[in-house]
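K.L.:
could you look at this predicted model? Sequence included:
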Amino acid sequence: MIIKNIIFKKGKYRLLIIIFLLGFQTLWSQNHEFGQVSMAELNEKFHHLDSTANAAVLYSERNSFIEYTTEFGFEVIDQYKIRIKIYNNEGLVWANHKINFFTNIRGQQEVIVSLKAATYNQLNDKIVKTKLEKKHIYKTKITKFHRTISFTMPNVYPGSVIEYKYTKRSPFFGNIDDIIIQRNIPVKHTKTLFKISNKITYNFISRGSLKIPIIHNGHTTSMLMTDVPALKEEGFVGNISNYQLGVRLELVSTQINNLLRKNYTGSWTSIAKDIYKSKYFGGQLTKKTFFKDKLKILKDNSISEKDLANKIFKFIKNKITWNNVNSYFSYTGIEKSFKEGVGNTADINLALLAMLNEAGLEAYPVLISTVSHGIPLFPSKDGFNYVIVAYKTNNEILLMDATDKKTRVGVLPERDLNVRGWLIYPDATSEWINLFPSKYSIIKTNTDVIINDSRVNANMVRSRSNNFALKYRKEVEAKNLEEIASWIEEKNSDVNVVKIRVNNINLPDRDITEYIRFDTQSYHEVIGRELYFSPLLFMQLSENPFKSEKRNHPIFYNFPRIHHDIVTLIIPTNYSIKSLPKPLKIEIRNNKGNYQYTITQNGNLIKIESKMAINLPVFPKEDYLELKSFYKQILVKQAEKIVLVRN
């Protein structure tokens with residue numbers, strides 16, 4: 001049951017709401033008091049609506065209050081309670097929990113208090129409670145501004161019920177934690193109660209595919225839902241949290257006593273202006289003397305503006321190492337980071353920008369929200385958490401992120417590919433730009449195969465470009481050739497890598513090329529006088545990435561891509577062809593993608609060519625069923641065998 005949206009404000013309807021809330025509160029309190037785990041909950045074997053669930057939230061509750069004092073100003077107090085049922089071994093991951101809390105440059109900080117937790121099990125028809133001990137609660141400093149409290153619940157087994165509660169006190173009234181209603185396991189009951197001071201106002205902005213029942217009653221807002229389905233991971237989804245049922249609070253205004261009302265809502269343009277004026281952002285771009293000598297050397301050794309831009313990018317990328325901290329503000333300062341050789345995203349990319357500008361190149365900062373940070377729902381400084389650089393040349397925009405030593409100009413790490421970024425010009429004008437690349441990333445293989453009754457022997461040449469090359473470099477990072485060979489064998493069962501060579505692995509400006517000699521007893525089968533061969537070997541698709549009956553959100557490929565496989569089979573002298581697969585050519589409407597499969601014979605050679613192109617970085621959810629059908633047809637075609645018969 002999902003309670004319908006109810007927003008009444010006057011007369012008898014307000015009375016009805018109060019009666020409704022009091023009744024629901026009474027029912028809620030009876031069933032969900034902290035520590036009151038029932039035998040029925042412990043005996044529950046599976047979720048009543050989703051029998052595949054490994055665990056389920058039996059209830060979650062959040063009570064939030066905003067208080068104001070003349071001494072400390074506004075403070076947000078969030079009280080959380082959650083109870084979870086573990087159904088099987090796969091659900092044991094829900095014994096691990098982490099709570100994030102933050103501080104800022106001014107020393108204001110959030111605190112976590114009153115953390116209590118316990119595990120409940122059934123033993124001899126009795127409920128046995130095991131409390132979480134304080135010595136098993138760990139506080140970790142992630143960055144200068146980010147800390148976590150983590151804990152693992154004790155004595156958790158399939159059948160256990162776990163429960164914990166805590167309070168977070170935060171001075172960051174302009175950046176309140178989202179209200180999370182949906183999780184990747186089912187939620188039986190969830191309740192949120194938000195009490196707001198009359199000195200402050202917010203907009204409640206919902207997201208997700210279901211209607212959230214938001215009830216406003218004066219300065220109190222409540223949300224009550226039951227039987228919320230799990231948000232399940234799917235292929236090519238990007239950040240699944242962008243589609244998680246929940247509510248984000250946008251600070252609208254504050255008014256203390258009879259003082260002037262202060263408005264906080266604005267436009268992306270006004271926010272960009274404020275950020276640019278900061279000494280931690282625009283103020284850094286005036287600092288140029290510390291790199292002038294090095295810039296002169298780079299300029300003297302460059303043959304074109306584009307070559308100079310590339311040399312500056314490579315220099316900064318190798319000069320300053322990223323400390324894994326995301327920010328669009330250079331709190332350390334680009335000069336200090338330059339000298340010490342370490343910095344956050346802003347330290348590195350603003351140093352890159354300053355150097356490009358000093359070289360006379362047209363380059364600008366681009367504020368972005370990384371994939372893990374989500375898609376901003378409204379104009380806010382907190383909507384961004386990262387800055388990259390846009391270099392304009394010959395009516396082309398090349399994006400740069402020097403935090404990743406494996407990238408090159410025009411190729412961003414996938415964490416950056418979050419739809420669009422906000423480019424800011426020096427006069428404080430600004431515009432949205434597309435972050436997705438237009439150039440194709442291509443994997444191309446050429447494989448020569450010799451086959452006999454017992455083994456397949458093959459020589460493969462495989463190249464990767466752009467984002468595929470970047471992904472490969474990350475996957476084999478710190479591996480030697482022997483370890484890369486083992487990694488290939490692990491991914492492709494029953495493949496024995498005899499010899500391997502990899503070119504350009506440490507040269508990000510170039511495509512990667514692998515030379516692999518391998519053999520295998522798989523991909524062919526002899527039945528009587530006939531030999532059946534799977535011509536694409538391990539390049540064949542193994543499954544359809546789209547399994548759901550419908551899709552409620554877009555399909556993110558992040559970059560246009562081509563998979564092109566060519567296999568040349570030498571027919572054994574004692575065999576002849578009995579049958580070959582038929583050719584296939586299919587398209588996704590409006591030229592969004594296509595697939596071609598051809599097979600030809602020339603003497604004792606059979607040439608198989610498979611080429612799939614995905615022409616868009618993102619597909620709307622309306623294309624989901626067509627994409628699912630597209631992959632289904634490819635799977636069927638690639639599964640077809642070449643049949644040879646012994647002479």
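P.N.:
Sure thing, it's come through. Bear in mind the structure is a predicted one, so any value in this text is a computation, not a measurement.

K.L.:
got the contact list for the residue nearest the centre of the chain?
P.N.:
Closest to where the C-alpha atoms of the chain average out (CA atoms, centre = their mean) is Asn239, at 3.8 Å. Going by CB atoms under 8 Å, 6 or more residues apart in numbering, Asn239 touches 371-372, 374-375, 418. C-beta here means a position set from N, CA and C on the backbone, and glycine is covered the same way.

K.L.:
from these, pick the one nearest Asn602.
P.N.:
Distance to Asn602 across the contacts of Asn239 (CB to CB) is lowest for Val371, with 46.7 Å.

K.L.:
look up phi and psi at that closest one.
P.N.:
When read as degrees, to the nearest 10, the backbone of Val371 gives phi -60, psi -40.

K.L.:
what about it, neighbour count?
P.N.:
Neighbours of Val371 under the rule other CB atoms under 10 Å: 20.

K.L.:
try Lys139
P.N.:
11.

K.L.:
coming back round to it: restricted to helices, list the contacts of Asn239.
P.N.:
Using DSSP state H, no member of the contacts of Asn239 sits in helices.

K.L.:
narrow the residues you listed to those that are buried.
P.N.:
By neighbour count, with 16 or more other CB atoms under 10 Å, the contacts of Asn239 hold 371, 374-375, 418 as buried.

K.L.:
hmm, Ser267 is touching Phe378, no?
P.N.:
No - with contacts counted by CB atoms under 8 Å, Ser267 stays clear of Phe378, the gap being 10.2 Å.

K.L.:
just want to know which of the two has more residues nearby.
P.N.:
Using other CB under 10 Å as the criterion, Ser267 and Phe378 rank with Phe378 on top: 14 against 10.

K.L.:
shaky segments in this protein?
P.N.:
By pLDDT under 70, the weakly predicted segments of the chain are 1-31, 453.

K.L.:
and which of the contacts of Asn239 is nearest Val57?
P.N.:
If you rank these by distance to Val57 using CB to CB, Gly374 comes first, at 21.2 Å.

K.L.:
ok but Val497 is inside a strand, no?
P.N.:
Yes - counting by DSSP: H, G, I helix; E, B strand; the rest coil, Val497 falls inside a strand.

K.L.:
tell me how many other residues crowd it.
P.N.:
The tally of other residues near Val497 (other CB under 10 Å) stands at 20.

K.L.:
leaving out sequence neighbours, find the closest residue to it.
P.N.:
Distances taken as CB to CB, 6 or more residues apart in numbering put Ala485 closest to Val497, at 4.0 Å, once the chain neighbours are dropped.

K.L.:
gap between the one you found and Tyr523?
P.N.:
19 Å (CB to CB, to the nearest Å).

K.L.:
hey, where'd the helices end up in the stretch 201-350 of the chain?
P.N.:
For the stretch 201-350 of the chain, the helices defined by DSSP state H, counting those that start in this stretch cover 268-277, 292-300, 305-319, 334-340, 345-358.

K.L.:
sec struct for the closest residue to Ser150 other than its chain neighbours, please.
P.N.:
Counting by CB to CB, 6+ apart, Ser150 lies nearest to Lys98, which is 4.6 Å off, once chain neighbours are set aside. Look at Lys98: counting by three-state DSSP, its state is strand.

K.L.:
ok, now which ones touch Lys98?
P.N.:
148-150.

K.L.:
please repeat the previous calculation with a cut-off of 10 Å.
P.N.:
138, 140, 148-151 (CB atoms under 10 Å, 6 or more residues apart in numbering).

K.L.:
list only buried entries from those.
P.N.:
Taking 16+ other CB under 10 Å as the criterion, what is buried in these is 149, 151.

K.L.:
tell me which residues in stretch 403-415 are buried?
P.N.:
Going by neighbour count (16+ other CB under 10 Å), the buried part of stretch 403-415 is 403-404, 406-415.

K.L.:
return the subset of these lying in helices.
P.N.:
Applying DSSP H to the buried residues of stretch 403-415, no entry is found in helices.

K.L.:
let's have the residues you listed in JSON lines, adding distance to Thr332.
P.N.:
Shown next, in JSON lines, are the buried residues of stretch 403-415 (distance: CB to CB, whole Å):
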{"residue": "Thr403", "distance to Thr332": "14"}
{"residue": "Asp404", "distance to Thr332": "19"}
{"residue": "Lys406", "distance to Thr332": "23"}
{"residue": "Thr407", "distance to Thr332": "22"}
{"residue": "Arg408", "distance to Thr332": "26"}
{"residue": "Val409", "distance to Thr332": "25"}
{"residue": "Gly410", "distance to Thr332": "28"}
{"residue": "Val411", "distance to Thr332": "26"}
{"residue": "Leu412", "distance to Thr332": "23"}
{"residue": "Pro413", "distance to Thr332": "21"}
{"residue": "Glu414", "distance to Thr332": "26"}
{"residue": "Arg415", "distance to Thr332": "21"}
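
K.L.:
report the two of those residues separated the most.
P.N.:
Spanning the widest gap among the buried residues of stretch 403-415 are Val409 and Arg415, at 17.4 Å by CB to CB.

K.L.:
tell me which of the contacts of Asn239 is nearest to Arg473?
P.N.:
Among the contacts of Asn239, Val371 lies closest to Arg473 (CB to CB), at 18.9 Å.

K.L.:
doesn't Leu417 make contact with the closest one?
P.N.:
Yes - judged on CB atoms under 10 Å, Val371 makes contact with Leu417 at a distance of 6.7 Å.

K.L.:
what touches both of these two?
P.N.:
Residues touching both Val371 and Leu417 (CB under 10 Å, 6+ apart): 238, 556, 558.

K.L.:
pull the number of nearby residues for the residue nearest to the last one when sequence neighbours are not counted.
P.N.:
Excluding the flanking residues, the one nearest Asn558 by CB to CB, 6+ apart is Leu417, at 4.5 Å. Summarising burial for Leu417: neighbours were counted as other CB under 10 Å, giving 23.

K.L.:
now, which of the contacts of Lys98 sits nearest Val502?
P.N.:
Among these, Thr140 lies closest to Val502 (CB to CB), at 36.8 Å.

K.L.:
ok, the closest one to Glu133 distance?
P.N.:
When Thr140 is compared with Glu133 (using CB to CB), they lie 18 Å apart.
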